[in-house]
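> Compute the structure for the input listed below.
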Amino acid sequence: MMKWYPVELHTHSIHSDGDFTVEELVRAAKRDGYAALALTDHNTSSGVNTFCAQAKAQGIVPVRGLEWTTYWGHMVVLEEQGYTDWRGVRPEQIDQAIRSIHAHHGIVGIAHPYSLSDPVNTGYHWAFQIEDWSQVDYLEVWSRNYAPYRIQSQRAFELWENLLNQGYHITAMTGRDWHRDDRLPCCYTWIGVENVLTEDSIVNAIRNGRVCLSAGPLLTMKVIQDAQDFFPGECALEEMLCVKMEIDFRTLPEVWDREQIVPREIRLICDGETVKKFPVFQEKGKMEAAHFFEAAGRWLRADLYGDYYGVPDCRIAVTNPVYLKNASYSISKKSPHI
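Numbering: from 1, shown residues only. The predicted model follows:
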């Protein structure tokens, strides 16, 4: 049985530029309901041993990490069993560096690709020249506080959908980029795991795209075909199928503001186009919606739209896609413009 866990995999402590001690970060994560947490300080893992011990003591699954912080962009590295030197990596050498991280059993995610850069924050904007996007494990489409309505988020979503439409299977993620206990509205990453939640199962779920994102209630989706369930990241056949979507309004009730975040509509998305809309008619317990149709395209995804802090018709939750087989598309190796 699939179970969904809230995690945060982009954080900082006093070991780099965060205000948190490691102990304070773990306590804040426990308060905010996270089942797992990564420490990803800038270019250092000096706090990781203390962090792992503190997280385990609080019943939180620790994930070892580090954020590459360079003049050409930031990249989160998780569970690397070794070390790939970030120093001296030129923009055109990033593919080689990612291959090294993968060889050490780690995964990589592009952090806040469209954040303000020069002259405000040198290196925040992604400028590395990726030749093979199939090497990238995930992309932060939502970053920091109030992410759903930020222009940077809209641009990151456009990049992600562009990559999906080229045939790449890249997981969408959120990144709180958590430096201090500001308690501002943030988004949650939900990891789908069938067995025990561990560092390995989290990393494998990200590799396989079994991830949902939300600024409010948890939205999940599965495709049912020939009595078999296909979850985000898996591949169904390009033929008649049933898409089942579910909103769980019981999700972290102490975290999201129900007066400021109001779900209105589920949208079933295929290759970036809306296939079907389902009005949200309740705000307690769970709500389910289903749609039978002859699927044709590369991928299917569900989005939840609603009011978000005064902004109407705003995306407030999203699933990663279920991919469709038998779509005769080739993967382009051309790097999209960032």
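> What ranges does the stretch 101-250 of the chain have for its strands?
Residue ranges of the strands in the stretch 101-250 of the chain, as given by DSSP state E, counting those that start in this stretch, are 107-110, 138-143, 171-175, 188-193, 211-214, 218-225, 228-230, 235-237, 240-248.
> So if we follow the domain assignment, how does the chain break up?
The chain is divided into the following domains under automatic domain parsing: 3-214, 218-325.
> got the end-to-end distance for the longest one?
Terminal residues of domain 3-214 lie 16 Å apart, using Cα to Cα, to the nearest Å.
> Low-confidence ranges, the protein, go.
The model of the chain has pLDDT under 70 over residues 117-123, 327-338.
> Can you check which helix is longest in it?
helix 151-165 (DSSP state H).
> Would you agree residue 23 is in contact with residue 53?
No. In this structure residue 23 lies outside contact range of residue 53 using Cβ atoms under 8 Å: 10.0 Å. Just so you know, the C-beta spots here come from the backbone N, C-alpha and C atoms, and that holds for glycine as well.
> Look up how far residue 235 lies from the residue minimising distance to the centre of the chain.
Ranked by distance to the mean C-alpha position of the chain (Cα atoms, centre = their mean), the top residue is residue 173 at 1.0 Å. To residue 235, residue 173 is 20 Å away according to Cβ to Cβ, to the nearest Å.
> what does residue 134 give?
15 Å.
> and what of residue 56?
Applying Cβ to Cβ to residue 56 and residue 235 gives a distance of 36 Å.
> For burial, what's the neighbour tally of residue 137?
The tally of other residues near residue 137 (other Cβ atoms under 10 Å) stands at 25.
> what's the distance between it and residue 110?
Taking Cβ to Cβ as the measure, residue 137 falls 9 Å from residue 110.
> likewise residue 82?
Noted for residue 82: a distance of 21 Å to residue 110, by Cβ to Cβ.
> Give the bridge partners for the residue nearest to the centre of the chain, please.
residue 140 (DSSP bridges).
> quick one, what contacts it?
Going by Cβ atoms under 8 Å, 6 or more residues apart in numbering, residue 173 touches 9, 109, 138, 139, 140, 141, 142, 189, 206, 211, 213.
> wait, doesn't residue 168 sit right on residue 137?
No. Shown here, residue 168 and residue 137 do not form a contact pair, counting by Cβ under 8 Å, at 11.0 Å.
> what's the neighbour count on residue 226?
9.
> And it, how close does it get to residue 235?
Distance from residue 226 to residue 235, counting by Cβ to Cβ: 13 Å.
> Centroid-wise, who is the farthest residue in the chain?
Taking Cα atoms, centre = their mean as the measure, the residue most remote from the mean C-alpha position of the chain is residue 226, 29.3 Å away.
> residues contacting that residue?
Counting by Cβ under 8 Å, 6+ apart, residue 226 touches no other residue.
> And for residue 225?
236, 237, 239, 240, 241, 242.
> Let me know whether residue 139 touches residue 110 as I believe.
Yes. Using Cβ under 8 Å, residue 139 is in contact with residue 110, at 5.1 Å.
> For the nearest residue to residue 76 once chain neighbours are set aside, name its beta-bridge partners.
Among residues not flanking residue 76 along the chain, residue 109 sits closest, at 4.5 Å (Cβ to Cβ, 6 or more residues apart in numbering). In this entry, residue 109 is beta-bridged to residue 76, residue 138, by DSSP bridges.
> Any idea how many residues pack against residue 109?
Residue 109 has 25 nearby residues by other Cβ under 10 Å.
> And for the one 3 residues further on?
Applying other Cβ under 10 Å, we find 26 other residues in the vicinity of residue 112.
> excluding its backbone neighbours, what's nearest it?
Nearest residue to residue 112 in three dimensions, chain neighbours excluded: residue 143, at 4.1 Å (Cβ to Cβ, 6+ apart).
> contacting residues for that neighbour?
The contact partners of residue 143, by Cβ under 8 Å, 6+ apart, come to 10, 111, 112, 115, 150, 152, 153, 156, 174, 175, 176, 177.
> now with 6 Å?
Going by Cβ atoms under 6 Å, 6 or more residues apart in numbering, residue 143 touches 112, 175, 177.
> so what does the helix or strand harbouring residue 315 touch, helix or strand wise?
For residue 315, the host element (DSSP states H and E) is strand 311-319. Strand 311-319 sits against strand 211-214, strand 299-308, with contacts defined as 3 or more Cβ pairs under 6 Å, 6 or more residues apart in numbering; DSSP states H and E.
> how about those strands in a markdown table, adding mean neighbour count and distance to residue 252?
Shown next, in a markdown table, are these (neighbours: other Cβ atoms under 10 Å; distance: least, Cβ to Cβ, whole Å):
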| stretch | mean neighbour count | distance to residue 252 |
| --- | --- | --- |
| strand 211-214 | 26 | 9 |
| strand 299-308 | 23 | 15 |
